[in-house]
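Engineer: next come a sequence and a model predicted from it.
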Amino acid sequence: SSSSSSSPSSSSSSSSSLWSVETLDRIAATGAGDQKTLVVTSVNCGYVDFADNWAASLVKQGINNFVIVPLDDRAQAALARVYPNNTVPVLTGISPDSIQSETAEFNTDGFEKLTSTRPRLILAFVKLGYTTMYSDVDTVWRKNALAEVERMGSPAVLFWESKPKWLSSYMMYLAPTENNTFMLQKWHEEASSGRHQHDQAALNAILGYDTDPGQKPGYSKDEYIRLENESFPYKLANAVRFPPGVTYFKASSAGATKDESKGVVPGKLSARTSNIMSNIVVVIHNNWITGKQNKMERFVEHGLWNPSGKLGNYTCAD
């Protein structure tokens, strides 16, 4: 069932107990293997429906060791009804009031405030001793990404690129090591510095990437916190199995036509392209497009909008 992943004790219905190590351990125990592994996402009310679509795709793959961290009370109330054993309370102090219900768009102040919570959030799980795979809610899991990482040898740290030589923070895999704790602390400091428009830019800054489209005017790159690559080795996920949206949707729209009244009408995929996508692609990220409605329509057009159907009515408005 998409609404169950663990069997909480009777006390776990209280808000505070859902952040207890015992409850998180219980969620982690539903996963495969001996590691304490959690798949984690965070969401505000503006993207609750995407979080539902995301979680439903994990459940379909038999993954129940996931945690949804709501960034406001409305998101918590809506998602706890559908995923009561996976939705924790709002983490105190992590959610700026100004972004509680926004559908923050990329490169906006709201997006900066929303994503600046990400390093701190991941740090919380890593410091508690969990191997943490963070995944944004605008992704759909076609296969078990945890199994894919295991096939790669379960590296201590795995990053994804959204384009060559540019790390994305939409997805990452981090073991609970001292190195990773240090990196996350430095990433949080850099993301909180005011030098960047989003946390991706801060992540790339600390790891020494010089091309920074997210740098704010008036700041010198000499000010960036840097980690020495020799002291922080990491692996990159396979870009074919985890393609950015610009790659995946371009390929799957081959032969598409434009109808002004209906938008983009998907063309028929070649057998080869369809086979590649079915058998190779593990996670699809709906990026390189702005606007929530545009993201949703693209998911719908490509058969990737398959929420639980249990969300019901909820409101983000005052």
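Structural biologist: Noted; the coordinates are in hand.
Engineer: can you name the residues bridging to L158?
Structural biologist: Beta-bridge partners for L158, by DSSP bridges, are Y173, K235.
Engineer: that one contacts P233, correct?
Structural biologist: No. L158 lies out of contact with P233 (C-beta atoms under 8 Å); the separation is 11.1 Å. Backbone N, C-alpha and C define where each C-beta goes, glycine included.
Engineer: who has more neighbours, the two?
Structural biologist: L158 (21 against 10; other C-beta atoms under 10 Å).
Engineer: need the contact list for the more buried one.
Structural biologist: 149, 152, 172-174, 234-237 (C-beta atoms under 8 Å, 6 or more residues apart in numbering).
Engineer: pLDDT weak spots in the stretch 151-300 of the chain?
Structural biologist: 210-224, 228-230, 252-278 (pLDDT under 70).
Engineer: what about the helices in it?
Structural biologist: Using DSSP state H, counting those that start in this stretch, the helices of the stretch 151-300 of the chain run over residues 178-191, 199-206, 245-252, 271-280, 292-301.
Engineer: turn those helices into TSV, columns for mean neighbour count and distance to V88.
Structural biologist: Output for the helices of the stretch 151-300 of the chain, formatted as TSV (neighbours: other C-beta atoms under 10 Å; distance: least, C-beta to C-beta, whole Å):
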stretch	mean neighbour count	distance to V88
helix 178-191	19	19
helix 199-206	25	21
helix 245-252	18	28
helix 271-280	12	33
helix 292-301	16	24
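Engineer: among the ones you listed, which comes closest to F125?
Structural biologist: Nearest to F125 among those is helix 178-191; the distance by C-beta to C-beta comes to 9.7 Å.
Engineer: hmm, back to that, for K143, which of the helices of the stretch 151-300 of the chain is the nearest?
Structural biologist: The nearest among the helices of the stretch 151-300 of the chain, by C-beta to C-beta, is helix 271-280 at 8.9 Å.
Engineer: hang on, the earlier thing: redo the helices of the stretch 151-300 of the chain as TSV? Include distance to T87.
Structural biologist: Shown next, in TSV, are the helices of the stretch 151-300 of the chain (distance: least, C-beta to C-beta, whole Å):
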stretch	distance to T87
helix 178-191	23
helix 199-206	23
helix 245-252	26
helix 271-280	31
helix 292-301	21
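Engineer: who wins for proximity to T132 among those?
Structural biologist: That would be helix 178-191 among these, by C-beta to C-beta, at 8.9 Å.
Engineer: can you list contacts of that closest one?
Structural biologist: Outside helix 178-191, the residues that touch it by C-beta under 8 Å, 6+ apart are 115-116, 118-120, 122-123, 126-127, 156-157, 174, 196, 199, 202-203, 205-206, 224-225, 227, 231-232.
Engineer: got it, and stretch 54-62?
Structural biologist: 2, 5, 39, 41, 64, 66, 68, 79, 82-83, 86, 135-144, 306-308.
Engineer: out of the residues you listed, name the ones that lie in helices.
Structural biologist: 79, 82 (DSSP state H).
Engineer: so which of the contacts of stretch 54-62 sit within strands?
Structural biologist: 39, 41, 66, 68, 135, 139-141 (DSSP state E).
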